[in-house]
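Trainee: The sequence isn't on hand, but the structure is:
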């Protein structure tokens, strides 16, 4: 299924996607202001994609992030949503080999352009059933239950209030489907200090411990979740939750 057909099936009635670049679509207004990451994709990749950076500051590994993405790819059938996909700095190798329709959503066109270029370098082409879509995680344009599973990596620590984003992720996940989420948490001394610095700079929300993150997720209600398990590697929490069945 090609990108226009996949979008046509997935989008809510009344929502339309417009071309926004080479192989990129958007559901946002054409006059939407540029995002801060539009011009920072290359710098982001060099810093955040570094194994040394992740090991020293967060005590975690890009290999673990890629393994979590592979887990998401195997977690169900039907389309997979990568919400806040970024430049695919950790996930491109996994996504290049997808056997499921895949929708990549990010608010930054610059990040989506970097993601598409990375897939092209790895696979030589972009699979027909991979969609790059500029959109807002607080207002996902998809029909309820569109996705067999949802992956959202490295995003939760950006939001002071989780209810809006997570309720949208739950809404677009099919009943009984899995949500696979990662978040930086304030668990290691160096990680706590660096998260606090990023918060003062306006880059992240107030830091949460893993216990605080899980308590906030469990308190969201409305079908969330019927089961949830979490693991932690250094300052990175990996959460797998299953939405309520019908």
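Mentor: Received the coordinates, thanks. These numbers come from a predicted model, not from an experiment.

Trainee: list the helices and strands the longest helix along the chain packs on?
Mentor: Secondary structure assigned by DSSP state H gives helix 109-123 as the longest helix of the chain. Other elements packing on helix 109-123 under the criterion 3 or more CB pairs under 8 Å, 6 or more residues apart in numbering; DSSP states H and E are strand 18-21, strand 24-26, helix 41-48, helix 92-95, strand 102-106, strand 130-134. In short, each C-beta sits where N, CA and C put it, glycine included.

Trainee: now the end-to-end length of stretch 56-75.
Mentor: Start to finish, the residues bounding stretch 56-75 are 30 Å apart (CA to CA, to the nearest Å).

Trainee: List the neighbouring strands of the lengthiest strand in the chain plus their orientation.
Mentor: In the chain, ranked by residue count with DSSP state E as the criterion, the top strand is strand 173-184. According to DSSP bridges, strand 173-184 forms sheet pairs with strand 147-152 (parallel), strand 236-242 (antiparallel).

Trainee: hmm, who's touching the longest one?
Mentor: Contacts of strand 236-242 with the rest of the structure, by CB atoms under 8 Å, 6 or more residues apart in numbering, involve 58-60, 64-65, 68, 71, 75, 176-185, 210, 213-214, 217, 224-232.

Trainee: isn't residue 131 right next to residue 26, touching?
Mentor: No - contact criterion CB atoms under 8 Å: residue 131 and residue 26 do not qualify, at 11.3 Å.

Trainee: Tell me which helix or strand comes right after the longest strand of the chain.
Mentor: Using DSSP states H and E, the helix or strand that follows strand 173-184 towards the C-terminus is helix 189-200.

Trainee: So for that following helix, what gets flagged as buried?
Mentor: Under the neighbour-count criterion of 16 or more other CB atoms under 10 Å, helix 189-200 has 191, 194, 195, 198, 199 buried.

Trainee: and which of those is nearest residue 4?
Mentor: Using CB to CB, residue 198 is the member of these that lies nearest residue 4, at 38.4 Å.

Trainee: which residues touch the closest one?
Mentor: Residue 198 neighbours (CB under 8 Å, 6+ apart): residue 204.

Trainee: While we're on it, how confident is the model there?
Mentor: Looking at residue 198, its pLDDT reads 95.

Trainee: Tell me the spacing between it and residue 86.
Mentor: In this view, residue 198 and residue 86 are 16 Å apart by CB to CB, to the nearest Å.

Trainee: burial of the closest residue in space to residue 19 that isn't next to it in sequence, as a residue count?
Mentor: Counting by CB to CB, 6 or more residues apart in numbering, residue 25 is the residue found nearest to residue 19 once chain neighbours are left out, at 6.3 Å. Neighbourhood size, residue 25 [other CB atoms under 10 Å]: 21.

Trainee: Can you verify my assumption that residue 25 contacts residue 131?
Mentor: Yes - here residue 25 reaches residue 131: they are 6.8 Å apart, a contact under CB under 8 Å.

Trainee: CSV please, covering the buried residues of helix 189-200 and showing distance to residue 236.
Mentor: Output for the buried residues of helix 189-200, formatted as CSV (distance: CB to CB, whole Å):
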residue, distance to residue 236
191, 9
194, 13
195, 11
198, 14
199, 17
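
Trainee: any idea how far residue 234 is from the residue lying farthest from the centre of the chain?
Mentor: Using CA atoms, centre = their mean, the residue of the chain lying farthest from its centre is residue 189. It sits 26.1 Å away. Remark: distance between residue 189 and residue 234 (CB to CB) = 11 Å.

Trainee: List only those of the contacts of strand 236-242 flagged as buried.
Mentor: For the contacts of strand 236-242, a burial check counting by 16+ other CB under 10 Å picks out 58-60, 64-65, 68, 71, 75, 177-185, 210, 213-214, 217, 224-225, 230, 232.
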